[in-house]
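*Asks:* Here is a sequence together with a model predicted from it:
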Amino acid sequence: MVKLIVVISMTNIFKTLKNIIAYNFKKLIVFEILMRLFGVFIIFPLLRIGLFTAIRLSGYPYINNEILLDFLAKPSTIMIFLTLLIILAIYFMIEYVFLSILFDYSYQKKDISFKNFAFLGSKKSFKLIKKYHVFILLPILSFVLLIEIGQITFFSTSIKLPDELIENFVPLFHFGIFFLIIFIILIIIFLEFIFIIHDFIFTENSIKAVFKEKNSLIKNNRKGVFYRFILMNVILNIVMFVIYFLAILILSFIVSKLKGEEVVLSIVITSAYSLYWMIGVFFSIIILPINVGLISSIYYNLNDITPQISLVEETKKTKYQRNRWLIRFTISTFIVFFSLNIVSISESIRSITDQTQIFKQEEIIAHRGASFYAPENTLAAIQTAIDQGVDGVEFDVWGTADDIPVLLHDLTLTRTTNISNNKRIWELTYDEIKDLDAGSWFSPEFADEKIPTFEEAILAIKGKASAFIDMKTTSRVIEDEVYRIILENDMVNDVKIMSFSVTQLYRFKELNPDLTTILLVGSSDYDLYQHLEDEGVDDFAIEVNVINNNPRLVSTIHRYQKKAYAWVVDDQRAIYIGMDADVDGFITKRPIIAREIAYSKNTSDSFKNFLELLFER
């Protein structure tokens with residue numbers, strides 16, 4: 001008999017849930033999209049600015065895994081993070097209030113105009129924050145964290161914490177026990193406080209009266225409420241995970257058809273978390289409204305009286321009419337301000353130096369193109385690298401006798417073409433070399449490959465990857481020609497000028513200060529420390545054995561907020577040397593292998609084994 005009653009109760013609740021979601025469904029979708037846009041363009045930039053403000057006040061130039069604990073313990077960090085937490089709580093509280101109002105109208109089978117909806121929701125949110133403060137923000141936060149616990153759990157089981165983090169945090173607590181305690185606390189807050197949110201919204205009674213009403217409402221119903229809540233979220237998370245794995249399968253199928261099976265694993269590992277977050281953002285539009293709807297449905301079923309919040313709106317309608325011009329002016333001003341600042345917000349985000357080195361992923365740069373798979377410094381090598389999903393393509397530039405910049409590494413063409421003489425590249429015109437065979441030395445299938453001009457290489461890379469230009473010549477004429485081609489193709493922000501000569505890098509900076517320059521370092525005897533503050537040197541590319549001989553070199557470079565790339569990284573040993581030193585990117589002939597290893601460092605063994613089994617690696 002008890003089971004029958006539970007089934008009927010569940011049926012009533014889910015029927016109510018379906019009805020209140022469906023009745024004003026279009027307004028619900030529009031509102032959720034607007035809330036996510038508000039989150040992306042307003043809340044996220046605020047959180048990001050807060051994070052970098054905390055880093056600046058901490059005294060650290062950047063944050064990596066080794067100093068994360070000290071950073072988090074700083075009083076300034078704690079205060080800023082608490083402020084950001086309050087901002088997040090207010091954001092979710094506003095969404096909760098609006099959803100509760102919309103579901104109340106739906107429960108009464110009443111329509112509400114978007115104008116009145118916005119007015120009533122805004123007015124109610126302001127009054128609740130003013131009157132109840134932490135008593136409404138705390139349960140809102142616990143509610144949101146609890147419904148996100150499934151996604152957090154999945155994400156935490158699919159990543160592998162860096163060794164430095166484990167060393168710092170393990171002495172403080174055992175992870176399993178810690179998260180179990182957090183989970184229990186969230187459940188207690190949820191069960192004891194969740195219905196007071198609705199009472200705050202609908203009754204606006206005193207805190208004491210609301211808690212008294214809550215106690216009579218939740219009495220003997222805690223298990224039932226928790227059971228329904230958990231059941232709903234288990235179902236939602238199972239659906240999300242199924243969609244996620246289907247998306248991975250579809251992505252792998254498309255990649256295998258377009259780019260070949262050998263690159264599937266590296267691209268999937270690269271895309272797995274981005275794909276997860278995209279699906280997670282999409283599901284956040286669904287999960288939060290459904291859960292608020294579920295709590296509203298239980299609230300209605302436990303109460304004998306419908307909240308009737310619409311009456312509040314009706315009684316204030318006359319006042320709203322009188323102030324309509326002011327409200328319209330305020331909304332219009334906000335829209336104009338918001339529109340004008342979208343660009344500046346985006347620019348401010350992009351302009352902030354990436355000061356966080358936690359869970360970062362190294363850039364993968366193809367050395368002379370994907371030169372393990374195709375002849376170096378050819379269009380075939382460049383295209384192969386792009387097909388393999390590299391972040392950048394590195395190639396070498398010399399100049400011909402008639403001042404045409406071309407791709408070539410050696411002083412002569414003997415090694416990589418079918419020419420028999422030993423002339424230097426600058427002794428030959430472009431017409432003399434343009435028809436040479438630059439591919440047969442590597443494999444007969446590349447017999448048609450020619451020596452590409454710099455412009456051909458730039459056109460092949462444009463819009464697909466960054467170009468890392470290794471200047472082998474110091475000719476001023478070739479430098480000017482290289483810059484002209486970069487400028488004409490609008491590639492200033494997509495190229496990196498590399499050279500062993502600091503003087504040459506300064507010359508490029510004189511041509512355009514926005515060009516990114518990279519100093520090449522090939523020997524442990526070279527004192528790069530003298531250039532850490534040079535304005536002409538933006539970043540460094542260091543031979544991997546130099547990094548191995550001086551493990552603290554990269555962290556020193558990072559303290560000056562500059563990047564450090566490792567070259568040439570073609571085997572596991574070299575890749576792990578770079579990873580241990582925390583480099584920002586690998587210049588490698590084998591982008592596929594480098595990406596698989598580098599991107600697997602933050603992936604749990606079980607998740608990685610699953611992907612390898614899936615793709616038969």
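*Replies:* Sure thing, it's come through.
*Asks:* packing partners for the strand or helix carrying F44?
*Replies:* In the assignment (DSSP states H and E), F44 maps to helix 44-58. With contacts taken as 3 or more C-beta pairs under 8 Å, 6 or more residues apart in numbering; DSSP states H and E, helix 44-58 sits against helix 68-73, helix 75-107, helix 324-351. Glycine gets a C-beta too; all of them are placed from N, C-alpha and C.
*Asks:* so how many other residues sit close to A370?
*Replies:* Using other C-beta atoms under 10 Å, A370 has 25 neighbouring residues.
*Asks:* whoops, L120 was the one
*Replies:* The number of residues packed near L120 is 22, by other C-beta under 10 Å.
*Asks:* ok, now the one 10 residues further on?
*Replies:* Neighbourhood size, K130 [other C-beta under 10 Å]: 8.
*Asks:* Please apply the same query to I235.
*Replies:* 11.
*Asks:* Spatially central residue for the chain, please.
*Replies:* The centre of the chain sits closest to S274, judged by C-alpha atoms, centre = their mean, with a distance of 6.7 Å.
*Asks:* Contact partners for D580?
*Replies:* Counting by C-beta atoms under 8 Å, 6 or more residues apart in numbering, D580 touches P551.
*Asks:* State the pLDDT value of it.
*Replies:* Note on D580: pLDDT of 87.
*Asks:* what helix or strand is it on?
*Replies:* Short version: D580 belongs to helix 572-581, going by DSSP H and E.
*Asks:* For that helix, list every residue counted as buried.
*Replies:* 574-575, 577-579, 581 (16 or more other C-beta atoms under 10 Å).
*Asks:* Give me the next element, helix or strand, following it.
*Replies:* Assignment by DSSP H and E places the next element after helix 572-581 at strand 585-588.
*Asks:* how distant is that following strand from the center of its chain?
*Replies:* 21 Å (C-alpha atoms, centre = their mean, to the nearest Å).
*Asks:* do the same with stretch 382-393
*Replies:* Here stretch 382-393 is found 21 Å from its chain centre; the criterion is C-alpha atoms, centre = their mean.
*Asks:* now stretch 80-88
*Replies:* In this view, stretch 80-88 has its centroid 20 Å away from the chain centroid, taken as C-alpha atoms, centre = their mean.
*Asks:* Excluding its own residues, what touches it? List them.
*Replies:* Stretch 80-88 has contacts (C-beta under 8 Å, 6+ apart) with 43, 46-47, 50-51, 53-54, 57, 72, 137, 141.
*Asks:* Give me the number of neighbouring residues for I78.
*Replies:* Neighbour tally, I78, other C-beta under 10 Å: 12.
*Asks:* before we move on, what about V30?
*Replies:* 13.
*Asks:* For it, give me its contacts.
*Replies:* Applying C-beta under 8 Å, 6+ apart, we find V30 in contact with F114.
*Asks:* Doesn't it belong to a helix?
*Replies:* Yes - looking at V30 with DSSP: H, G, I helix; E, B strand; the rest coil, it is inside a helix.
*Asks:* what's the domain layout of the protein?
*Replies:* Split into domains by automatic domain parsing, the chain comes to 2-323, 363-601.
*Asks:* Of the ones you listed, flag the one that's most buried.
*Replies:* Of these, the one with the most neighbours on average (mean count of other C-beta atoms under 10 Å) is domain 363-601, at a mean of 19.
*Asks:* Quick check: end-to-end length of stretch 385-398?
*Replies:* Terminal residues of stretch 385-398 are spaced 21 Å apart (C-alpha to C-alpha, to the nearest Å).
*Asks:* Centre of the chain to it, how far?
*Replies:* Mean-position distance between stretch 385-398 and its chain equals 23 Å (C-alpha atoms, centre = their mean).
*Asks:* what do you get for stretch 232-242?
*Replies:* 23 Å.
*Asks:* Least reliable of the domains of the chain by average pLDDT, please.
*Replies:* For the domains of the chain, mean pLDDT drops lowest on domain 2-323, to a mean of 77.
*Asks:* hang on, isn't V477 packed against D403?
*Replies:* Yes - using C-beta atoms under 8 Å, V477 is in contact with D403, at 5.0 Å.
*Asks:* Follow the chain on from the longest strand seen in the chain and name the next helix or strand.
*Replies:* Longest strand in the chain by number of residues, with DSSP state E as the criterion: strand 392-399. Using DSSP H and E, the helix or strand that directly follows strand 392-399 along the chain is strand 405-407.
*Asks:* Can you name every helix or strand that that next one contacts?
*Replies:* In this structure, strand 405-407 packs against strand 392-399, helix 454-461, helix 476-488, with contacts taken as 3+ C-beta pairs under 8 Å, 6+ apart.
*Asks:* What strands line up against the first one, and which way round?
*Replies:* Sheet pairing for strand 392-399, assigned by DSSP bridges, gives strand 363-367 (parallel), strand 405-407 (antiparallel), strand 466-471 (parallel).
*Asks:* Could you dump the ones you listed into JSON lines and include distance to V390?
*Replies:* Below are these laid out as JSON lines (distance: least, C-beta to C-beta, whole Å):
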{"stretch": "strand 363-367", "distance to V390": "5"}
{"stretch": "strand 405-407", "distance to V390": "16"}
{"stretch": "strand 466-471", "distance to V390": "9"}
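*Asks:* what's the closest of the ones you listed to N291?
*Replies:* Between N291 and those, the shortest gap by C-beta to C-beta is with strand 363-367, which sits at 39.1 Å.
*Asks:* starting at the chain centroid, how far to that closest one?
*Replies:* In terms of C-alpha atoms, centre = their mean, the centre of strand 363-367 is found 20 Å from the chain centre.
*Asks:* Name the residues that touch it?
*Replies:* Outside strand 363-367, the residues touching it (C-beta under 8 Å, 6+ apart) are 376, 381-382, 384-385, 388-394, 466, 468, 565, 567-568, 570, 584-589, 591, 594-595, 598.
*Asks:* and what of stretch 198-215?
*Replies:* By C-beta under 8 Å, 6+ apart, stretch 198-215 touches 97, 100-101, 104, 124, 127-128, 131-132, 135-136, 192-193, 195-196, 295-296, 299, 307-309.
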